[in-house]
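[1] this one's sequence-less:
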């Protein structure tokens with residue numbers, strides 16, 4: 001035979017966990033002021049590795065190209 005009190009206690013615990021999860025997700029939703037995705041960053045040439053991140057290709061040296 002089912003112990004009704006035990007089942008009710010488990011369901012109440014699960015309800016409390018779900019309420020907490022919903023509250024956390026709602027607070028995250030309200031705290032985000034902008035849309036999803038990465039934050040834009042001003043991209044410049046990195047002097048340590050010389051990579052050219054998204055900028056146009058450098059002009060060829062005299063006598064090249």
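    That came through, no problem. Treat the numbers as computed from the prediction; the structure is a model and nothing was measured. Residues are numbered from 1 along each chain as shown.

[2] what mean pLDDT does whichever strand or helix holds residue 12 have?
    Under the criterion of DSSP states H and E, residue 12 resides in helix 4-31. What helix 4-31 shows for mean pLDDT is 94.

[3] now residue 25: how far from residue 11?
    21 Å (CB to CB, to the nearest Å). Just so you know, the C-beta spots here come from the backbone N, C-alpha and C atoms, and that holds for glycine as well.

[4] Equivalent analysis for residue 26, please.
    With CB to CB as the criterion, residue 26 and residue 11 are 22 Å apart.

[5] likewise residue 63?
    From residue 63 to residue 11 the distance is 80 Å (CB to CB).

[6] With neighbour numbers in mind, choose between the two.
    Higher neighbour count among residue 63 and residue 11: residue 11, with 10 against 5, using other CB atoms under 10 Å.

[7] so who does that one touch?
    With contact set as CB atoms under 8 Å, 6 or more residues apart in numbering, residue 11 has no partners.

[8] do the same with residue 56
    Counting by CB under 8 Å, 6+ apart, residue 56 has no contacts.

[9] where's it relative to residue 26, distance?
    45 Å.

[10] do the same with residue 10
    As judged by CB to CB, residue 10 and residue 26 stand 25 Å apart.

[11] now residue 18
    With CB to CB as the criterion, residue 18 and residue 26 are 12 Å apart.

[12] Could you do residue 16 as well?
    Separation of residue 16 from residue 26 (CB to CB): 16 Å.

[13] Likewise for residue 17?
    15 Å.

[14] What of residue 3?
    From residue 3 over to residue 26 (counting by CB to CB), the distance is 34 Å.

[15] What of residue 59?
    Using CB to CB, residue 59 is found at 53 Å from residue 26.

[16] Likewise for residue 19?
    Residue 19 is 11 Å from residue 26, by CB to CB.

[17] likewise residue 14?
    Distance, residue 14 to residue 26, using CB to CB: 19 Å.
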